[in-house]
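Peer 1: Could you work out the structure for the sequence below:
(one chain, ligands or ions: 1)
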Amino acid sequence: MAAFPKHVLEHFKQPKNEEPLPDPQAQGEVEGRRADSRLTLYLRVLEGTIERATWTVEKDRSCRLGLSLLSCYLPGKTVGEAEALDPEALAAHYGLHEDQRPMFMPPLEALRAALANLRGEPSPFLEEGPLVCHCLQVREGRIRRAIRERELRSVKEVTYWTRACSGCRSCRGDVELLLEAEGALPPAAPAEQSWWRAWLRGKEP
Ligand code: FES
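Peer 2: Okay, the predicted model is just below:
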């Protein structure tokens, strides 16, 4: 992976805005990338503009850099601008290499959950389904969402954006099935199916 620019390394060494915000207008909580981990983003919003963003994490220090950068980016942005924010825009703002974009995925989910909370709506991440990748703690909902929203077409692309299937790789068959279920892969012909995919298909209702 490319080295972080110096101004980003400062967030790595000393993350900014890591604290709960007293009386936030909105807060969003999502699962991190470790078992039982949570990250929470707090927002103070005045007349449609974000004044302050802070965050906390439990049991997942890997999300601290993305949260620190996000929390410094948001103040001064309108709610509409925050809703449209994506990893590409954040990475470009901080001068990051494209390989570094996926670190913003869980923090941006926390932002979307907070914006839903601001609108008085439930978090869109409450029902994330079963764990698909146990090594990297990735649930079905996160994988399906990445496939749909980022138009992913391969296990490699799913791994890039979600980190699923980057450990022991025993979840590869499940990820392929999710790609098929989302219409991103044609169903494999029986002769092409590996034994574990055939076994997984046998488990389908
Ligand atoms: S279960 Fe997904 S990499 Fe091990």
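
Peer 1: quick one, domains of this protein?
Peer 2: What automatic domain parsing lists as the domains of the chain is 7-113, 131-203.

Peer 1: For Phe88, grab the count of nearby residues.
Peer 2: Slight slip there: residue 88 is Glu, not Phe. Applying other Cβ atoms under 10 Å, we find 12 other residues in the vicinity of Glu88. C-betas here are computed from N, CA, C, even on glycine.

Peer 1: picking up where we left off before, can you put the domains of the chain in CSV and add mean pLDDT and distance to the ligand?
Peer 2: Compiled in CSV, the domains of the chain are given as follows (pLDDT from 0 to 100; distance: least, Cβ to the nearest ligand atom, whole Å):
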stretch, mean pLDDT, distance to the ligand
domain 7-113, 95, 12
domain 131-203, 85, 3
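
Peer 1: Make TSV from the ones you listed and add distance to Gly120 to it.
Peer 2: Formatted as TSV, these follow (distance: least, Cβ to Cβ, whole Å):
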stretch	distance to Gly120
domain 7-113	10
domain 131-203	22
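
Peer 1: any idea which element Gly28 lies in?
Peer 2: Assigned by DSSP states H and E, Gly28 belongs to strand 26-31.

Peer 1: so where do the helices sit in this structure?
Peer 2: Taking DSSP state H, the helices of the chain run over residues 6-13, 64-73, 79-83, 87-94, 105-118, 140-150, 155-162, 172-181, 195-203.

Peer 1: Columns distance to Ala53 on top of the ones you listed, output as TSV?
Peer 2: Converted to TSV, the helices of the chain look like this (distance: least, Cβ to Cβ, whole Å):
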stretch	distance to Ala53
helix 6-13	13
helix 64-73	4
helix 79-83	9
helix 87-94	13
helix 105-118	8
helix 140-150	22
helix 155-162	23
helix 172-181	32
helix 195-203	41
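
Peer 1: Out of those helices, which is closest to His134?
Peer 2: Of all the helices of the chain, the one in closest proximity to His134, counting by Cβ to Cβ, is helix 172-181 (10.3 Å).
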